[in-house]
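Predicted model and sequence follow; I will ask about them next.
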Amino acid sequence: MHPILFEYGLIQIRFYGLMYVIAILVGSYLIKKEVKRRGVKLTDDDVMNFILWAVIGGIIGARLYYVIFNLNYYLANPKEIPAVWHGGLAFHGGLIGGLIFAYVYLKRHEIKFWKMADIVAPAIILGQAFGRFGNFMNGDAHGMPTTMPWGIVFPPESIAGSEFPNIPLHPVMLYEMGINLSIFLFLWFYLKNKGHKDGFIFAVYLLLYSIGRFIVENFRADSLMLGYLRTAQVVSITVAIAAVIFILKYKLWATEAKK
C-alpha cells in the first residue's frame, strides 16, 4: 500500500484525493437518478451545483472539526492546517458543514430539505466507503496493535507505520468500509423503494452509521478525544438517539406512498 497512485515529475495523483473524486462522480450519478425518479424540480446543473456546495461545506466543516480537536498541534504548526492530503478530515464535522451549505442552497431553490436528504443519504455513505479506502492507502485513521491474523503492518513513512513501526494493526479503515458498503446496499436496494415520510432514509442512515462507527472506534488508535472519552463515540451515541427520536416522533415509516 502506498498513498501515491501515480507520480511523474511535479504531477502526483494520491489515492486519498482520487477516492474523493470517485465518490463525487458516483454520488452525482446516484443523486441525479433519484432526483429524476422522485420528481424533484432540479436540473442536472442544479444537482451539480448542490453537490459542489455540499462538498465545499463538508470539506470546510471536516477540517475545522479536526483542527479544533487538535488545536495545540495546529497552533504550533499553522502551515499544516490546509494540508488535508496528510489526513485529518473528521466525518462528523464534514456532515455538519455539508448539511449547513446544502440547507442554504435548497432553501434558495425552494426544495424540501428532508426529501433531498433522503435522496443523498445512499450517496453519502457510499462516498464514506470510498474515503475509508483512501485512508487505508494513506495509512491514517488507523487501528490499534493486534495479534489477529489479518493485522496489517503499514509502511514506516505512513502515519500508522511511524506510530507503530513493524507492528500489525487492526485495519479499521477496511472494517468501516465494509460497514458503510453494507449500509449503502440496504438503503439503495431496499429502503428507498419502500413507502415512508421524508427524512426516514436519512435518519436510518444516521442511526446505522452511528452504530457502526461506535463499534469501530473501539479499535482505533488515533481517535479524537473529549477528555477521557472518544469524541466520535460520544457524537455517535448522541446522533443515534436523535435519529431514533426523530423517527418515532414523526412516525417516519408510517406511510405507503412512495416518494
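Cool, got the structure.

C-alpha only now, for contacts and for neighbours.
Fine.

For Leu5, see how far away Pro168 is.
Relative to Leu5, Pro168 is positioned 23 Å away (Cα to Cα, to the nearest Å).

and these two? which has more neighbours close in?
The residue with more neighbours, out of Pro168 and Leu5, is Pro168; 21 against 13, by other Cα atoms under 10 Å.

Touching, the more buried one and Gly143? I think so.
No - when contacts are counted by Cα atoms under 8 Å, Pro168 is not listed as touching Gly143 (9.3 Å).

Can you spell out which helices and strands pack onto the host helix or strand of Leu99?
Here Leu99, judged by DSSP states H and E, is contained in helix 91-108. With contacts defined as 3 or more Cα pairs under 8 Å, 6 or more residues apart in numbering; DSSP states H and E, helix 91-108 has these neighbours: helix 44-68, helix 113-138.

gap between the first one and the chain center?
The gap between where helix 44-68 is centred and where its chain is centred comes out at 12 Å by Cα atoms, centre = their mean, to the nearest Å.

Likewise for stretch 213-222?
Offset of stretch 213-222 from its chain centre (Cα atoms, centre = their mean): 15 Å.

closest to Lys197 out of the helices and strands packed on helix 91-108?
Taking Cα to Cα, helix 113-138 is the member of those nearest to Lys197, at 8.5 Å.

what packs against the helix or strand following that closest one?
Sequence-wise, the next helix or strand downstream of helix 113-138 (DSSP H and E) is helix 159-163. Here helix 159-163 touches no other helix or strand, going by 3+ Cα pairs under 8 Å, 6+ apart.

okay, and for the stretch 151-259 of the chain, where does confidence drop off?
Flagging of the stretch 151-259 of the chain using pLDDT under 70 yields the residue ranges 256-259.

that older thread, of all the helices and strands packed on helix 91-108, which gets the most neighbours per residue?
Across these, averaging neighbours per residue (mean count of other Cα atoms under 10 Å) puts helix 113-138 on top, at a mean of 23.

tell me the angle it makes with helix 44-68.
If you take axes from the mean of the first three to the mean of the last three Cα atoms, to 10 degrees, helix 113-138 sits at 60 degrees to helix 44-68.

quick one: the strands in the stretch 151-259 of the chain?
Applying DSSP state E, counting those that start in this stretch to the stretch 151-259 of the chain gives strands spanning 225-226, 229-230.

out of the ones you listed, nearest to Arg38?
strand 229-230 (39.0 Å).

what does the closest one contact?
Identification of contacts with strand 229-230 by Cα atoms under 8 Å, 6 or more residues apart in numbering yields Glu217, Ser223, Leu224.

go again using 10 Å as the cut-off
Outside strand 229-230, the residues that touch it by Cα atoms under 10 Å, 6 or more residues apart in numbering are Phe214, Glu217, Asn218, Arg220, Asp222, Ser223, Leu224, Ser236.
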